[in-house]
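Participant: okay, sequence plus prediction incoming.
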2 protein chains.
Amino acid sequence: MDAAQELIQRGGANAMSYQHISDAVGIRKASIHHHFPTKEHLIEAVIQRYAAYFLKLVDAIVDSKLNPVAKLRKYAELFEATLCEGQQDKACLCGMLGAELATLGNPAAAGVRRFYRDNEARLAKILEEGLNKGAFRFKGDTKLVAAMIFSLLEGGALVVRAEGGHKRLHTMVEQTITLLQQ
Amino acid sequence: MDAAQELIQRGGANAMSYQHISDAVGIRKASIHHHFPTKEHLIEAVIQRYAAYFLKLVDAIVDSKLNPVAKLRKYAELFEATLCEGQQDKACLCGMLGAELATLGNPAAAGVRRFYRDNEARLAKILEEGLNKGAFRFKGDTKLVAAMIFSLLEGGALVVRAEGGHKRLHTMVEQTITLLQQ
DNA sequence: AGAAACCTACCTACTAGTAGAGTGTCGTTC
DNA sequence: GAACGACACTCTACTAGTAGGTAGGTTTCT
């Protein structure tokens, strides 16, 4: 699953094959089919695991005693950290799968949708808290700003791989935080 | 090229094949190879055409007599319009290809990078004009805000296909404009 | 007539997925 | 304590389908 996830994060689900995984982990293709009968199953399992892992980290941030601005910064760092891993060309798993949504099976697509919804809800919570405590100052709907920030991070993670990398994403995040505070 | 572009915008370059194009346009696979010898060539040609077409529209907006806020709104509408076309599941071509960047050949990847750079430059121009005229009011670097908006639009176009569609992207854009004016 | 476009027929490589046989590791029984 | 059976795991070897791409002949346009 580690190998599958890495392959998807780097080139997408359609560029990932059982053979590639086999080469990466040194176990024959057929043996992988024993654990994940179809590609659909495999992708779904990877999404579930990724979503659970990611959201656990997010919840730890949301529930921490940090101030809301620091929470938002920490949240964005999760995306930046992904870009730093390995050969620095991994984006968010669900950002990649979002592009290939039309070619995904129903259960996998539902998992991606759910990941988006869950993340936006957590972000909205951080923003709401920030507004109440006066750490943020902006007009409009927190849920919309949450959706905006999430799209920015998912899109940013993809775009900066072309130029600038994680450092560039970081500066974009800082600029966004500035906009939310003025 | 229309068929190839549509296939890429819906499912990505790796989910697009000569056979799919053949089925869509009613011309044999080998005949398509006559015009575009390799997939690399085809993708590159589609990128070039798309970038030229898109940037022409963008430049028309930038050079128009609209006020900067209206220009930004018009620019975002280009992304919204793409989502409205056909079966409402087409994202920006270069957003899709950004996800698959690692599996693209060098010339194609360079085309995508260039598209990103060109768009961010146009956006920065609109923002700069808006700051000077007092239509926008925000702290920070216009180039960074431009990169931020571009990532938001590219990411948003991908994310809203999962839920909400073009209407949702529109509300996110309006929220962003609000942030830039406060 | 010549070129551009298109065709049929084919190639090799790779895809997801299956069949069925070996291998190692258990707990259970004699 | 040794033999047994069950099971999880891995293997080799295979399938049918699809991928990108080519050779070479036919049609269509100018």
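Facilitator: Perfect, I can see it now.

Participant: can we go C-alpha only for contacts and neighbour counts from here?
Facilitator: Will do.

Participant: I'd like the next helix or strand past the helix ranked longest in chain A.
Facilitator: As assigned by DSSP state H, the longest helix anywhere in chain A is helix A:106-133. Next along the chain after helix A:106-133, taking DSSP states H and E as the criterion, comes helix A:142-159.

Participant: quick one: is that following helix near chain B?
Facilitator: Yes - judged by Cα under 8 Å from any Cα of the partner chain, helix A:142-159 comes into contact with chain B at A:144-145, A:147-149, A:151-156, A:158-159.

Participant: turn the residues you listed into a markdown table, columns for neighbour count and distance to A:L83.
Facilitator: As requested, the residues of helix A:142-159 next to chain B are exported to a markdown table (neighbours: other Cα atoms under 10 Å in any protein chain shown; distance: Cα to Cα, whole Å):
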| residue | neighbour count | distance to A:L83 |
| --- | --- | --- |
| A:L144 | 20 | 25 |
| A:V145 | 24 | 23 |
| A:A147 | 27 | 21 |
| A:M148 | 24 | 20 |
| A:I149 | 28 | 17 |
| A:S151 | 28 | 16 |
| A:L152 | 27 | 15 |
| A:L153 | 29 | 11 |
| A:E154 | 26 | 11 |
| A:G155 | 31 | 13 |
| A:G156 | 32 | 11 |
| A:L158 | 32 | 9 |
| A:V159 | 30 | 11 |
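
Participant: and those residues, which is closest to DNA strand C?
Facilitator: Using Cα to the nearest atom of the strand, A:L158 comes nearest to DNA strand C of the residues of helix A:142-159 next to chain B, at 22.4 Å.

Participant: other SSEs contacting the host helix or strand of A:T176?
Facilitator: Taking DSSP H and E as the criterion, A:T176 maps to helix A:165-181. For helix A:165-181, the elements it packs on are helix A:68-84, helix A:142-159, helix B:142-159, helix B:165-181, judged by 3 or more Cα pairs under 8 Å, 6 or more residues apart in numbering or on different chains; DSSP states H and E.

Participant: go again using 10 Å as the cut-off
Facilitator: With contacts taken as 3 or more Cα pairs under 10 Å, 6 or more residues apart in numbering or on different chains; DSSP states H and E, helix A:165-181 sits against helix A:68-84, helix A:106-133, helix A:142-159, helix B:142-159, helix B:165-181.

Participant: looking at those helices, which is closest to B:L104?
Facilitator: Closest of the helices and strands packed on helix A:165-181 to B:L104 is helix A:142-159, at 14.0 Å (criterion: Cα to Cα).

Participant: just the CA coordinates for that closest one, please, in PDB.
Facilitator: The C-alpha trace of helix A:142-159 is given here as PDB (Å, rounded to 0.1, in the frame of the first residue of the first chain):
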ATOM      1  CA  THR A 142     -16.300  30.700   6.900                       C
ATOM      2  CA  LYS A 143     -17.400  27.600   5.000                       C
ATOM      3  CA  LEU A 144     -16.700  29.300   1.700                       C
ATOM      4  CA  VAL A 145     -13.300  30.500   2.900                       C
ATOM      5  CA  ALA A 146     -12.600  27.000   4.100                       C
ATOM      6  CA  ALA A 147     -13.400  25.600   0.600                       C
ATOM      7  CA  MET A 148     -11.300  28.300  -0.900                       C
ATOM      8  CA  ILE A 149      -8.200  27.500   1.200                       C
ATOM      9  CA  PHE A 150      -8.700  23.800   0.600                       C
ATOM     10  CA  SER A 151      -8.800  24.300  -3.200                       C
ATOM     11  CA  LEU A 152      -5.800  26.500  -3.000                       C
ATOM     12  CA  LEU A 153      -3.800  23.900  -1.100                       C
ATOM     13  CA  GLU A 154      -4.800  21.000  -3.300                       C
ATOM     14  CA  GLY A 155      -4.300  23.100  -6.500                       C
ATOM     15  CA  GLY A 156      -1.100  24.600  -5.100                       C
ATOM     16  CA  ALA A 157       0.400  21.200  -4.300                       C
ATOM     17  CA  LEU A 158      -0.100  20.200  -8.000                       C
ATOM     18  CA  VAL A 159       1.000  23.500  -9.500                       C
END
